[in-house]
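Visitor: okay, here's the prediction I keep looking at, along with the sequence it came from:
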Amino acid sequence: MAGPGRKLILVRHSLPEFVSGVPASQWRLSAEGRRRCEVLAGHLAAYDLATVVASEEPRAAETGQIVARILNLPFQTAPGLHEHERGVVQEMGSREAFQAQVARFFEHPGQLVLGYETADGAHARFAAAVARVLEQHPTGNPAIVSHGTVMTLLITRANDLDPVPFWKRLGLPAFAVLSLPNLDLLEAIANPAA
């Protein structure tokens, strides 16, 4: 566990049920994903959380609900915490092809490379949503359950890190502990349910 001071814990949602032809924004957790949330909650218990706020997307909201229930914490969803808006990602032939497309998204942040939102646009939207959550919860350590790409944008820009390797390391689920108010990365747990 990180040292003293107020912290923000950013959580990537747990393992969804992948449904071909359906936008990822509509995916729900798989049975394994729900099981992993129990392990995740055990890890998050060490951070003296005050509340859990999640993206409105089902896979993140379910992750947040399970964690909050296990830890007996208040739970809510909030707008703007959703994943990079990319709709239905066309079949690219392999995981490597998808990762290469996401790498181009990070490498060309001002260009519309993938989906309907640039990296710069996704970062601005997500950062503003996180700021609203922090304003609404001015004390204690909040956990925000969200998504890998937008988390990566916020964390790596605040800490001058290369986004591609950071994003590739994140498991389903994963979490990062950031100091407030500067968002300094204190620790990143890439795969707490392994």
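Guide: Great, that's in hand. Numbers count the residues shown, from 1 in each chain.
Visitor: helices along this protein, start to end?
Guide: Secondary structure of the chain (DSSP state H): helices at 31-44, 58-71, 95-107, 119-136, 148-159, 163-169.
Visitor: and the angle for the helix or strand of the chain with the lowest mean pLDDT with helix 148-159?
Guide: Ranked by mean pLDDT, DSSP states H and E, the helix or strand of the chain with the weakest confidence is helix 95-107, at a mean of 89. Compare the direction of helix 95-107 with that of helix 148-159 by axes from the mean of the first three to the mean of the last three CA atoms, to 10 degrees and you get 40 degrees.
Visitor: where does this protein have low pLDDT?
Guide: Scanning the chain with the threshold set as pLDDT under 70 gives 1-4, 87-93.
Visitor: and with 50 instead?
Guide: Low-confidence segments of the chain (pLDDT under 50): 1-2, 92.
Visitor: what's the least confident helix or strand of the chain packed up against?
Guide: Where contact means 3 or more CB pairs under 8 Å, 6 or more residues apart in numbering; DSSP states H and E, helix 95-107 is packed against helix 148-159, helix 163-169. Backbone N, C-alpha and C define where each C-beta goes, glycine included.
Visitor: wait, residue 188 sits on residue 167?
Guide: No - using CB atoms under 8 Å, residue 188 is not in contact with residue 167; the gap is 11.3 Å.
Visitor: looking at those two, which is more packed in?
Guide: residue 167 (21 against 18; other CB atoms under 10 Å).
Visitor: what's near enough to touch the closest residue to residue 8 other than its chain neighbours?
Guide: Excluding the flanking residues, the one nearest residue 8 by CB to CB, 6 or more residues apart in numbering is residue 178, at 4.7 Å. With contact taken as CB atoms under 8 Å, 6 or more residues apart in numbering, residue 178 is in contact with 7-10, 155, 158, 184-186.
Visitor: which one (most neighbours) among the residues you listed?
Guide: Ranked by the number of neighbours (other CB under 10 Å), these place residue 10 first, at 26 neighbours.
Visitor: if we can go back for a sec, nearest to residue 19, of the helices of the chain?
Guide: helix 58-71 (11.0 Å; CB to CB).
Visitor: which strands or helices does the closest one pack on?
Guide: With contacts taken as 3+ CB pairs under 8 Å, 6+ apart, helix 58-71 sits against strand 7-12, helix 31-44, strand 49-54, strand 75-77, strand 141-146.
Visitor: rerun at 6 Å
Guide: Packing partners of helix 58-71 (3 or more CB pairs under 6 Å, 6 or more residues apart in numbering; DSSP states H and E): helix 31-44, strand 49-54, strand 75-77, strand 141-146.
Visitor: which one of the ones you listed has the most crowded surroundings?
Guide: strand 141-146 (a mean of 26; mean count of other CB atoms under 10 Å).
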